[in-house]
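Undergrad: Any chance you could fold what I've pasted below:
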Amino acid sequence: MKAATRLQLMLMMFLEFFIWGAWFVTLGTFVLHNLQHTNDGHVGQAFLSQSFGAIIAPFIIGLIADRYIAAQIILGILHLLGAALLWYGSTLTDFTAFYPLIILYMILYMPTLALVNTVSFRQMKNPSKEFPPIRTLGTLGWIVAGLTIGYLAWEQNGKLDLTFKMAAIASVLLGLLSFTLPHTPPTRKNQKITFGEIIGLDALRLLKNKSYLIFFLASIAICVPLSFYYNFTNPFLNEIGMKAAAGKMALGQGSELIFMVIMPLLFVRLGVKKMLAVAMLAWVLRYVFFAYGNVDAGYWMLIGGIVLHGVCYDFFFVTGQIYTDNLAGPQFKSAAQGMITLATYGVGMLIGSYISGPIVNSYKTGETSHNWTSVWLIPAGIALVVLVLFVLLFKDRNFIQQEDDEAVDSIGA
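TA: Numbering: from 1, shown residues only. Sure thing, here's the model as predicted:
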């Protein structure tokens, strides 16, 4: 890969995740404190917007990016439209007006997660080695966003509306940058298209692979407890008195950055199954730390739970993206990446967001206080069950990623 291309892809990843991290981490706190007449249930509803976007994403990717319009062009259009919605959303103070707008925004944003992967993978000969360093810049973008919010004390000063304006500016920059990215044309242009292909069913052929089916179902299940982390960690940390919570949460992305760098070595040594299993175990430990941590003697447990996010995310999501890319074949890579986005951020987090809000609300002990120990042990238990079932049912064999265009061994025969 040319150095200039690598630099473009790194900047693309940085902005992609800076935009997301700029407002998403503090969304729960924003809903509870910046919007009128809201409760924990509204937090869960707000995070459902991500799932709705993820469910629709494969249809946008499968219909357009694989067939009609170059991926980088779609990426630019979606981010420019998203920028306008983010800026307008920052001016709203009522949940009934904010909710449909954030749903519309996420319908535009979630397909871009698959698009940046598609643009990246299409420039690579060896994704398992070349992708992690580039994806690392996405993690750095999320960290910079969190540190900025913490440094400027927008949480404590009730100015979280500025997070949406910051994200909108970054979205304009990425929208413009996208039109300069390497040309990533449709892979099936001028080919006959069936109805099943139009709605993205072509990528479902991957589920005929029994191991990939287990991975797909585990991806859905593990994202149920993940939604507890995304939805309520920031409100939880602010409630128990952690200062600059968004900035502290960026430590999770710092951990993610470190593990992203060493992932190529670990990937070769551990293989797919062990990487995924370690990620699920880290999920269990994270919620146990949150359940028993506090801002006094148990402060290290809170920080430990945050730092474990690097293992949770890298070992599961990035490994899953590489696994999916290797199994998909050249014609269906975009649709396959969209499908795994559907499984994780779509179906899994949809279920998690539906149940997390009522669960947290049911453990309310006062106007603004909760029994957080009981709350966090619930996602810990769910993650433990998923881990045990995955270890028992998933089978894989080590694969060798060739440096040239030779065929890659299947990961889950």
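
Undergrad: Report the mean per-residue pLDDT for stretch 243-251.
TA: Mean pLDDT, stretch 243-251: 89.

Undergrad: which residues in the stretch 201-350 of the chain form helices?
TA: Along the stretch 201-350 of the chain, the segments classed as helices by DSSP state H, counting those that start in this stretch run 210-239, 245-292, 299-307, 309-313, 319-328, 333-341, 349-362.

Undergrad: Any idea which of those gets closest to Lys129?
TA: helix 245-292 (4.9 Å; CB to CB). For glycine as for every other residue, the C-beta is placed from the backbone atoms N, C-alpha and C.

Undergrad: Check which helices and strands that closest one sits against.
TA: Other elements packing on helix 245-292 under the criterion 3 or more CB pairs under 8 Å, 6 or more residues apart in numbering; DSSP states H and E are helix 127-151, helix 210-239, helix 299-307, helix 309-313, helix 319-328, helix 372-393.

Undergrad: among these, which is nearest Val31?
TA: Val31 lies closest, by CB to CB, to one member of these: helix 210-239, at 8.7 Å.

Undergrad: From Pro133, how far off is Leu147?
TA: Using CB to CB, to the nearest Å, we find Leu147 at a distance of 21 Å from Pro133.

Undergrad: So for the two, which residue has more residues nearby?
TA: More crowded of Leu147 and Pro133, by other CB atoms under 10 Å: Leu147, with 20 against 16.

Undergrad: Contact partners for the more buried one?
TA: 247, 250 (CB atoms under 8 Å, 6 or more residues apart in numbering).

Undergrad: Tell me how far it lies from Ala282.
TA: Taking CB to CB as the measure, Leu147 falls 23 Å from Ala282.

Undergrad: next one: Arg205
TA: Distance from Arg205 to Ala282, by CB to CB: 31 Å.

Undergrad: Looking at the two, which one has more neighbours?
TA: With neighbours defined as other CB under 10 Å, Arg205 and Ala282 compare such that Ala282 has more, 23 against 15.

Undergrad: per-residue confidence at Pro58?
TA: For Pro58, the model assigns a pLDDT of 65.

Undergrad: just to revisit the earlier point, can you redo the helices and strands packed on helix 245-292 as JSON lines with distance to Ala22 and mean pLDDT?
TA: Putting the helices and strands packed on helix 245-292 into JSON lines (distance: least, CB to CB, whole Å; pLDDT from 0 to 100) gives the following:
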{"stretch": "helix 127-151", "distance to Ala22": "4", "mean pLDDT": "87"}
{"stretch": "helix 210-239", "distance to Ala22": "13", "mean pLDDT": "91"}
{"stretch": "helix 299-307", "distance to Ala22": "18", "mean pLDDT": "95"}
{"stretch": "helix 309-313", "distance to Ala22": "17", "mean pLDDT": "87"}
{"stretch": "helix 319-328", "distance to Ala22": "22", "mean pLDDT": "80"}
{"stretch": "helix 372-393", "distance to Ala22": "25", "mean pLDDT": "95"}
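
Undergrad: can you tell which of the ones you listed is closest to Ile103?
TA: Of the helices and strands packed on helix 245-292, nearest to Ile103 by CB to CB is helix 210-239, at 15.5 Å.

Undergrad: Show me what the closest one is packed against.
TA: Helix 210-239 packs on helix 27-34, helix 40-60, helix 245-292, helix 319-328, helix 349-362, helix 372-393, going by 3+ CB pairs under 8 Å, 6+ apart.

Undergrad: Could you list the buried residues of it?
TA: The neighbour-count check on helix 210-239 (16 or more other CB atoms under 10 Å) flags 211-212, 214-239 as buried.

Undergrad: circling back: compile the helices and strands packed on helix 210-239 into JSON lines and extend it with columns for distance to Cys312.
TA: Shown next, in JSON lines, are those (distance: least, CB to CB, whole Å):
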{"stretch": "helix 27-34", "distance to Cys312": "18"}
{"stretch": "helix 40-60", "distance to Cys312": "17"}
{"stretch": "helix 245-292", "distance to Cys312": "5"}
{"stretch": "helix 319-328", "distance to Cys312": "11"}
{"stretch": "helix 349-362", "distance to Cys312": "14"}
{"stretch": "helix 372-393", "distance to Cys312": "9"}
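
Undergrad: Out of those, flag the one nearest Leu160.
TA: That would be helix 27-34 among these, by CB to CB, at 4.3 Å.
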